[in-house]
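Participant: Below: sequence and its predicted model.
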Amino acid sequence: TVTDANGYYILNSPDNRNLVLEISSVGYQTKRVNVGNQTEINVILESEVTSLDQVVVIGYGTAKKKDLTGSISHIDAKVFENQSMAQFTNMLAGTTSGLQVTQGASASGGGSLLIRGRKSLSGGTSPLIVVDGAIFDGSIKDINPNDIENIDVMKDASSAAVYGASAAGGVILVTTKKGNTGKPVIGVNSKVGIATTTHDLKPFGPEDYFNMHRDFWTEVNSRSGSGGRPLGYYYNPNELPAGVSLEQWRSMSNTSGLSDEDIWLSRLSAFPIEIENYKAGKTTDFYNLVIRPAVQQDYSLSIGGGTKDVKYYMSVQYLNNKGIIKGDEFKAIRLRMNLDLRVTDWLHVGTNTQFG
């Protein structure tokens, strides 16, 4: 049987008095009572706080957490408090099985999200973003990662029972921070860092550039099938292969009136401007023209608190990130205000507002 809202119940039992009454409720310790000759049994259950951690609300009821570990993942934002993140998607990378996060290399950070792979060739497969219970249609870039309390990822078809067909790609539930009863709590977060490349991406120098041409024409010559040019034909006269003398190298083509350097560059089919710049020692370091160490700055200020009837949380963030590619910059100002007003015991009014 099930009790009513006040805990009253009626149970018809057989005449056999060797019965045991088992009383249970979510969040309380189960209790067993021998019925015997009793006609009225009153029981007070003791709370079991640890069991509350094993319950997950799934929108249409409750279920034990052990039965949902394959479909719902919980991520506590406290784990990422000391990490620099331009977008909250950065905190999801590598944290949840079945969730694929593609990291972007731009100053704005972030990336694409996929739950359990791509499921359509032409339709959208991105997960549905829900912030504080409301479907979020804005840009992910507008959400301040420092305002997030926790994230839940719903990965299976059960999410469609709550959010409909729009949840076919899974659901990411974002819960932002709220004010707590007590004195105001002021939070200041300041992060400054420098982003650089992890590998040496510098292009070829002048000698390497022409060596690339040498290798290319040598390979083309070897595939011609007509005998082609002799060994060493495309080589720099100062770096001839073993067994090839300078006189042999010169005799491989008409060298009348040309210097060894001109012979070599003409055999490589170098453009006149390339020959001119090479002789003049003029080079361009395109790497230094494009790549730079990038300064990234993140400043956040928040205040939260409240009384029994009014709770508030407000924050402002200024983000100024430079990308490692010159000209790539991302600046953002993000504001948030979460307000909860208790009008009566049965009426609560609140707002969760953000601006970015």
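Facilitator: On my side now, so go ahead.
Participant: Could I get the average pLDDT for stretch 254-270?
Facilitator: On average, the pLDDT along stretch 254-270 is 86.
Participant: Determine how far the last residue of that stretch lies from the first.
Facilitator: Taking CA to CA, to the nearest Å, stretch 254-270 runs 17 Å from one end to the other.
Participant: What residues of it count as buried?
Facilitator: 263-265, 267-268, 270 (16 or more other CB atoms under 10 Å). Quick note: C-beta positions are derived from backbone N, CA and C, even for glycine.
Participant: Now that we have these, can you turn them into TSV and tack on distance to residue 242 and secondary structure?
Facilitator: Below are the buried residues of stretch 254-270 laid out as TSV (distance: CB to CB, whole Å; DSSP: H, G, I helix; E, B strand; the rest coil):
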residue	distance to residue 242	secondary structure
263	20	helix
264	18	helix
265	23	helix
267	20	helix
268	21	coil
270	25	coil
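Participant: right, and out of those, which lies closest to residue 333?
Facilitator: Distances from residue 333 to the buried residues of stretch 254-270, taken as CB to CB, are shortest for residue 270 (52.1 Å).
Participant: re earlier: between which two of the buried residues of stretch 254-270 is the distance greatest?
Facilitator: So, these by CB to CB: farthest apart are 263 and 270, at 11.6 Å.
Participant: average model confidence for the longest helix belonging to the chain?
Facilitator: Secondary structure of the chain read by DSSP state H shows that its longest helix is helix 206-222. The pLDDT scores in helix 206-222 average 86.
Participant: which residues are contacting it?
Facilitator: 204, 228-229, 233-236, 265, 267-270, 278, 283 (CB atoms under 8 Å, 6 or more residues apart in numbering).
Participant: Could you list which of those belong to helices?
Facilitator: Going by DSSP H, the helices hold 265, 267, 278 from the contacts of helix 206-222.
Participant: List phi and psi for the nearest residue to the first one once chain neighbours are set aside.
Facilitator: When you say that, I think you mean residue 265. Excluding the flanking residues, the one nearest residue 265 by CB to CB, 6 or more residues apart in numbering is residue 275, at 5.0 Å. Main-chain dihedrals, residue 275, degrees, to the nearest 10: phi -60, psi -40.
Participant: and residue 275, how many neighbours does it have?
Facilitator: 15 (other CB atoms under 10 Å).
Participant: mind listing the helices for the stretch 101-250 of the chain?
Facilitator: Along the stretch 101-250 of the chain, counting by DSSP state H, counting those that start in this stretch, helices occupy 160-163, 206-222, 246-250.
Participant: ok, the buried residues of stretch 254-270 vs residue 317, which is closest?
Facilitator: The closest of these, once distances to residue 317 are taken by CB to CB, is residue 270, at 53.4 Å.
Participant: can you map out the strands along the stretch 101-250 of the chain?
Facilitator: Listed in chain order, the strands of the stretch 101-250 of the chain (DSSP state E, counting those that start in this stretch) span 111-115, 128-131, 134-135, 148-154, 171-176, 182-195.
Participant: Could you say which of these is packed most deeply?
Facilitator: Each of those was scored by mean neighbour count; the highest is strand 171-176, a mean of 22, by mean count of other CB atoms under 10 Å.
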